[in-house]
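Participant: got a predicted structure here, sequence first:
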Amino acid sequence: NAGVTQTPKFQVLKTGQSMTLQCAQDMNHNSMYWYRQDPGMGLRLIYYSASEGTTDKGEVPNGYNVSRLNKREFSLRLESAAPSQTSVYFCASSMQGDTEAFFGQGTRLTVV
Amino acid sequence: AQRVTQPEKLLSVFKGAPVELKCNYSYSGSPELFWYVQYSRQRLQLLLRHISRESIKGFTADLNKGETSFHLKKPFAQEEDSAMYYCALNRHGGSQGNLIFGKGTKLSVKP
């Protein structure tokens, strides 16, 4: 049982480049989330999807877009990467908003 | 505004000493609160939630609505408790909510 799988694990981008972070879960969860983790800032919610077909902004959505491709997959896109987006990105899923969230292993992104 | 505050970035104790990791929240309504833990090189995982009122790995947390707090306690710390601890609040509440986290407290248990 893989749980929540994120790809890639590491990525270095140049300023202005674009990329998509992939996330997939095999637990038949309805809700999925993208967080970024920065030193001293904890985890901040970027976007979430309460159910298939819906997405909503979190605390720090600027510079990002998301797609809930199907119930399993929730991708995060950086259209024009900036150094301020250097961070560790975590995808998570839960059956619904008030149940346990399961996290991926994280993607360490560096924008130079 | 909905907010979770963990005032301590780092908490260092000796093995066998009591531990209290502080968490305060701001939320209008009935809060749903959680503690998540991230051990070194492991994924973030749920430690406990207030609604279940359970003890996990010797940790307990009581919701105090009067003080808007949800502090995590353990009477006797162990070295394996060393980790990053995050307090989290279900924003919006209910099944359509989502988690917002505090900034985290790094617990270091010394031998």
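Facilitator: Nice, I can see it.
Participant: quick check: phi and psi at residue B:23.
Facilitator: Main-chain torsions, residue B:23, degrees, to the nearest 10: phi -150, psi 130.
Participant: who's in contact with it?
Facilitator: Counting by C-beta atoms under 8 Å, 6 or more residues apart in numbering or on different chains, residue B:23 touches B:4, B:5, B:6, B:33, B:35, B:61, B:69, B:70, B:71, B:72, B:87, B:102. All C-beta atoms are positioned from the backbone trio N, CA, C, and that covers glycine.
Participant: try 7 Å this time
Facilitator: Listed by C-beta atoms under 7 Å, 6 or more residues apart in numbering or on different chains, the contact set of residue B:23 reads B:4, B:6, B:69, B:70, B:71, B:72, B:87, B:102.
Participant: may I have the predicted confidence score for the residue nearest to the spatial centre of chain A?
Facilitator: In chain A, the centroid-proximal residue (C-alpha atoms, centre = their mean) is residue A:34; its distance is 3.0 Å. On pLDDT, residue A:34 comes in at 98.
Participant: for the helix or strand harbouring residue A:20, the distance to its chain's centre please.
Facilitator: Assigned by DSSP states H and E, residue A:20 falls within strand A:19-25. With C-alpha atoms, centre = their mean, to the nearest Å as the basis, strand A:19-25 stands 7 Å off its chain's centre.
Participant: and that strand, which residues are buried?
Facilitator: Residues of strand A:19-25 classed as buried by neighbour count (16 or more other C-beta atoms under 10 Å in any protein chain shown): A:21, A:22, A:23, A:24, A:25.
Participant: mind listing what the last one touches?
Facilitator: For residue A:25, the contact set (C-beta under 7 Å, 6+ apart) comprises A:3, A:4, A:32, A:72, A:93.
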